[in-house]
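**Student:** predicted model and sequence below, questions to follow.
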Amino acid sequence: MKKNQIGPAVEKAGLYVVGVISFLTALFLSLVSLLHTTVVAKVNEGEGVQSIVYHIKERVESVYYLNDNLIVNLLVLAFLLVACFTLIKRLKIRLSTRMLGLLMFLWTFILGVVWVLSSQSAPTEDSGTVTSASWAFAENNYSCLRDIRYFHNYAFQLGYVMFNEWIIRFIQFFKHMDNLMPLEVLNAVFLGVINLFLVKIADKLFGDRRVTVLAAILLALSTAPIISCSFVYGIYPGMMFAVIALYCEICFLKETDLKKGILYAVPAALCITLAVMVKSNYMIWLVAMLLIAAAKMIGRKKFIRDGIFIVVTAVMALNVQSLVIRHYEKKAGVEITGTIPYTAWLAMGINESEDAPGWYNYGYTLGTIEQANFDEKLAAERISAILHERIDYLLKHPQYTNDFFYYKNVSQWNDTSYQSIWNNQVRGQYKEKNAFAAWVCGKGEPTVKKLMDYFAQLIFFGFCIGCLAMIRSKNFMLTPLPVVFLGGFFYHMIGEGKSQYVLPYFIAMCAFAAYGIVQLGDWVGKRVSPAYYRLYWLIGTGKPQPAAETAAAASAGTETVPEEAAPETAAENNASETEAAQPETAEHTAEAAAASEEENNDGA
């Protein structure tokens, strides 16, 4: 292979690997979502069920599975797809991408604040410990680092503590805080920024106005993220920084000018570092970004510039948490030791749990470090032995392994509320919920969850089709969101399971699902429109209209496109960049024919 062929070959191989694995994974989620639904609920004493049909345990976090009506789900999915096709064809939004993103931010922020004020949920358990420490640190009280072992065991939580400490210090500079409600309101801000930048990513990647608008609509209709605004645990601020970093990296990799590229590279590195600091799970996004940058570096032969970006970003992000720990050690005058090894969460993720396969199990994290008398090295050795023993068992029992990971994946991805309602039911309260939040968390819960289920089925299916369209496009720069999705899927398949942990990946899937739905709409339109106009000719005027002739030409594979039907997309402004991502096809011809026919009818 010649040297100048290596780059394109790497990008092509990367595109096919990501596309095929993403398609198969999304296909699995799509099929399972049509057949089953996972429920995570608080089941009180006396409310459990043990029968041949249901196994519902009496637990605060009880996970059980329901079988869905496949026929109804398919009909609803078909209806939602038709509704999306109609929106794509009929809805004409003349707003700029910037204004559309701003509206997305305002919509998300307003709904998020309304929910937070309605729910009045207060942090408890881990979220309560972390936010309380942030409040104490903001008042220069570091006694919890000396008096309790929580932040010695879970030192990675200190990054989110520091982030909240900064916020609380800023707020209290103007006004004394009575509770932690401002952090929940800020979650609405963070989610608004997430949606804004996902719309910008969709516009940057696909260059199709229809995809950008549909991505905004799908994000606006996603209910679980709004309800999760009341859960303060670093998920949203971490994701905000990660999404901004991904957008900046995409711009950096598309930019040829050195100075402009640096303007994108610097915020990309800083933001992913902050994301990892706030929530260590965003290490997944870091790895995804580095893989994309490495493949693109080989493809575009910018070895020095891209190499510096990769190395600097990796060094910053991988060292930020240790710097935070050193900072608090100095502040509190105490050494933070006896931290649970990260491998403990892998051991937890591939073992049984009372909740669901691979979910939280005290014995593999806190139990192990306690048995090792808080000796990190000894704990790591014991975890290593547990991992080797468990992996050996899984390899020798393939049927059990299949069932274990099937139920684990279903328990996380098929809880399409992603514990958003559950978190509002089991947390503390500042005061009573108002009527709306009480209905959502009470009598209205089955209805809301069913709507969430239908919406998730649409997203999974759209994402699946998007992966096929991405492979067909032969454009490597469409892979960032699928790469992030794959990282989240496989990490949480072997790491600690919990449906709320996969919520960020579901949000990101919404933007890519819009691309799949638009591509499917074009494919369907290419085949349906010609048949429609033939029928119209037979029962209508008895004479083919110009639009019908154009549609017939499209059906025959010609390239006749009326001038007035030229699609208004961002690709027109950058044809060379978007040629691979959005090739002109006959489906636009059919759509143009329909538009021309409507104009003729209106004139008549």
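**Tutor:** On my side now, so go ahead. Residues are numbered from 1 along each chain as shown.

**Student:** what's the spacing between residue 8 and residue 300?
**Tutor:** Distance of residue 8 to residue 300, computed by C-beta to C-beta, to the nearest Å: 10 Å. Where C-beta positions appear, they are placed from N, C-alpha and C, glycine not excepted.

**Student:** before we move on, what about residue 136?
**Tutor:** Residue 136 sits 49 Å away from residue 300, going by C-beta to C-beta.

**Student:** try residue 188
**Tutor:** To residue 300, residue 188 is 39 Å away according to C-beta to C-beta.

**Student:** the more surrounded of the two?
**Tutor:** residue 188 (24 against 15; other C-beta atoms under 10 Å).

**Student:** what helix or strand is that one located in?
**Tutor:** helix 181-206 (DSSP states H and E).

**Student:** cool, residue 356 as well?
**Tutor:** Residue 356 belongs to no helix or strand, assigned by DSSP H and E.

**Student:** which residues touch it?
**Tutor:** Contacts for residue 356 (C-beta atoms under 8 Å, 6 or more residues apart in numbering) come out as 63, 407-408, 411, 497.

**Student:** format these as JSON lines; extra columns: secondary structure.
**Tutor:** Output for the contacts of residue 356, formatted as JSON lines (DSSP: H, G, I helix; E, B strand; the rest coil):
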{"residue": "63", "secondary structure": "strand"}
{"residue": "407", "secondary structure": "helix"}
{"residue": "408", "secondary structure": "helix"}
{"residue": "411", "secondary structure": "helix"}
{"residue": "497", "secondary structure": "coil"}
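
**Student:** by neighbours, which of those wins?
**Tutor:** That'd be residue 63 among the contacts of residue 356, by other C-beta under 10 Å, with 27 neighbours.

**Student:** need the strands for the stretch 201-350 of the chain, in chain order.
**Tutor:** Using DSSP state E, counting those that start in this stretch, the stretch 201-350 of the chain contains no strands.

**Student:** which residue ranges form the helices in it?
**Tutor:** Here the stretch 201-350 of the chain has its helices, by DSSP state H, counting those that start in this stretch, at 209-221, 223-227, 235-254, 258-278, 283-300, 303-332, 343-349.

**Student:** quick one, the longest one and helix 283-300 angle?
**Tutor:** This points to helix 303-332. Put simply, helix 303-332 runs at 160 degrees to helix 283-300, going by axes from the mean of the first three to the mean of the last three C-alpha atoms, to 10 degrees.

**Student:** and stretch 278-295, average pLDDT?
**Tutor:** What stretch 278-295 shows for mean pLDDT is 96.

**Student:** going forward, the N-terminal residue is numbered 260.
**Tutor:** Sure, I'll start numbering at 260, so the last one becomes stretch 537-554.

**Student:** what are the buried residues along it?
**Tutor:** Burial within stretch 537-554, assessed by neighbour count using 16 or more other C-beta atoms under 10 Å, is assigned to 537-552, 554.

**Student:** what sits against residue 764?
**Tutor:** 743-744, 747-748.

**Student:** oh, that last question was meant for residue 584, not what I typed.
**Tutor:** Here residue 584 is in contact with 414, 417, 595 (criterion: C-beta under 8 Å, 6+ apart).

**Student:** now with 10 Å?
**Tutor:** Neighbouring residues of residue 584 by C-beta atoms under 10 Å, 6 or more residues apart in numbering: 410, 414-415, 417-418, 421, 594-595, 598.

**Student:** mind checking how far it is from residue 577?
**Tutor:** Distance of residue 584 to residue 577, computed by C-beta to C-beta: 13 Å.

**Student:** one more: residue 532?
**Tutor:** 9 Å.

**Student:** between the two, which contacts overlap?
**Tutor:** Counting by C-beta under 10 Å, 6+ apart, the shared contacts of residue 532 and residue 577 are residue 545.

**Student:** tell me which of these two has more neighbours.
**Tutor:** Neighbours were counted for residue 532 and for residue 577 using other C-beta under 10 Å; residue 532 has more, 24 against 13.

**Student:** thought residue 544 was touching that one, still the case?
**Tutor:** No - look at residue 532 against residue 544 with C-beta atoms under 10 Å: they stay out of range, at 11.3 Å.

**Student:** overlap of the contact sets of those two?
**Tutor:** Residues touching both residue 532 and residue 544 (C-beta under 10 Å, 6+ apart) are 500, 504, 576.

**Student:** could you check the pLDDT of the first one?
**Tutor:** Right, residue 500. Note on residue 500: pLDDT of 98.

**Student:** and residue 354, how many residues sit next to it?
**Tutor:** Burial of residue 354 is recorded as 13 neighbouring residues (other C-beta under 10 Å).

**Student:** does it belong to a helix, a strand or coil?
**Tutor:** coil.

**Student:** so who does it touch?
**Tutor:** Taking C-beta under 10 Å, 6+ apart, we find residue 354 in contact with 360-362, 471-472, 475.

**Student:** domain assignment for the chain?
**Tutor:** When the chain is parsed with automatic domain parsing, its domains come out as 262-781, 799-862.

**Student:** of all those, which one is nearest residue 787?
**Tutor:** domain 799-862 (7.8 Å; C-beta to C-beta).

**Student:** need the contacts of residue 764 in CSV with distance to residue 717, can you?
**Tutor:** As requested, the contacts of residue 764 are exported to CSV (distance: C-beta to C-beta, whole Å):
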residue, distance to residue 717
743, 20
744, 16
747, 19
748, 19
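
**Student:** which one of those residues is nearest to residue 489?
**Tutor:** Of all the contacts of residue 764, residue 489 sits closest to residue 747, with 22.6 Å by C-beta to C-beta.

**Student:** quick check: that closest one touching residue 540?
**Tutor:** Yes - with contact defined as C-beta under 10 Å, residue 747 reaches residue 540; the gap is 8.5 Å.

**Student:** find the residues that touch each one of these two.
**Tutor:** With contacts defined as C-beta under 10 Å, 6+ apart, the residues shared by residue 747 and residue 540 are 754, 760, 763.

**Student:** residue 452: which of those residues is nearest?
**Tutor:** Proximity of the shared contacts of residue 747 and residue 540 to residue 452 (C-beta to C-beta) peaks at residue 763, which lies at 13.3 Å.
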